[in-house]
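Colleague: This is the structure alone, sequence omitted:
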């Protein structure tokens, strides 16, 4: 398994999240443009900085050139975070944990979250914010949980059908189409959650603090 951390240009990541990911084998740091500034704020030196470089001061880039590989990509057909994901795929990373993907601009945040679905078949992506972990799911999946864990589920097309085992409010061939039917603040009643997701991709949201405290990733 080849794992990396991708840092975007939203709210700076927490050190405890980075430490947790390091212990889980996420070592390489790829920064999407201004994500390099976020990395430096928490004492990290990026291995790679990629993007159009419009969010990093020249003085910082000069400093980073001594320690990091800088890849300038001018194209505007994708975001800097997407450029970082494409780099990870091209360089055969199998998993990427994305940090700093949420911030003040809702449009940027939604776009970042959508990348979990867009690249689902190419790399295993997870987004961790200060409070939430977002995980895309398809097919039959077993997840380690704890009794009382809060979880929520969203799907974004009419084809996604979900059946669950281990939840207080079971999903039985439920169509969780965004804007019509969601499963908010469901509760785990087991140490193992089983999900069967057919026809589309389900977005599961867990509490970051719970995942770290109980090592659920």
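Modeller: Received the coordinates, thanks. Keep in mind that this is a model prediction, so the values were computed, not measured.

Colleague: ok, residues contacting the lengthiest helix in the chain?
Modeller: Secondary structure of the chain read by DSSP state H shows that its longest helix is helix 106-118. By Cβ atoms under 8 Å, 6 or more residues apart in numbering, the list of residues contacting helix 106-118 from outside reads 8, 10, 79, 81-82, 85, 98, 101-103, 125-127, 134-136, 156, 201, 203. All C-beta atoms are positioned from the backbone trio N, CA, C, and that covers glycine.

Colleague: how far off helix 106-118 does the helix or strand that it is followed by point, in degrees?
Modeller: Later in the chain than helix 106-118, the nearest helix or strand by DSSP states H and E is strand 124-128. When axes from the mean of the first three to the mean of the last three Cα atoms, to 10 degrees is applied, the directions of strand 124-128 and helix 106-118 differ by 150 degrees.

Colleague: Give the pairing partners of strand 124-128; include direction for each.
Modeller: strand 95-99 (parallel), strand 132-144 (antiparallel) (DSSP bridges).

Colleague: Can you pull up the most central residue in the protein?
Modeller: The residue lying closest to the centre of the chain (Cα atoms, centre = their mean) is residue 127, at 1.6 Å.

Colleague: hey, what's the closest residue to it other than its chain neighbours bridged with?
Modeller: In this structure, residue 127 finds its nearest non-sequential neighbour in residue 134, 4.2 Å apart by Cβ to Cβ, 6 or more residues apart in numbering. Per DSSP bridges, residues listed as beta-bridge partners of residue 134: residue 127, residue 205.

Colleague: ok, now which ones touch residue 82?
Modeller: By Cβ under 8 Å, 6+ apart, residue 82 lies in contact with residue 115.

Colleague: That one belongs to a helix, doesn't it?
Modeller: Yes. Counting by DSSP: H, G, I helix; E, B strand; the rest coil, residue 82 falls inside a helix.

Colleague: and the gap between the residue nearest to residue 189 when sequence neighbours are not counted and residue 99?
Modeller: Nearest residue to residue 189 in three dimensions, chain neighbours excluded: residue 168, at 5.1 Å (Cβ to Cβ, 6+ apart). As for residue 168, its distance to residue 99 is 30 Å (criterion: Cβ to Cβ, to the nearest Å).

Colleague: now swap in residue 136 and tell me
Modeller: Residue 136 is 17 Å from residue 99, by Cβ to Cβ.

Colleague: ok, back up a step: what is the mean pLDDT for the longest helix of the chain?
Modeller: Mean per-residue pLDDT for helix 106-118: 93.

Colleague: swap in stretch 16-25?
Modeller: 97.

Colleague: which outside residues touch it?
Modeller: Stretch 16-25 is contacted from outside by 1, 3, 5, 42, 44, 97, 99, 128, 130, 208, 212, 217, using Cβ under 8 Å, 6+ apart.

Colleague: What of stretch 88-101?
Modeller: With Cβ under 8 Å, 6+ apart, stretch 88-101 has contacts from 1-13, 17-18, 21, 26, 28, 30, 35, 38, 81, 85, 109, 112-113, 115, 119, 122-129.
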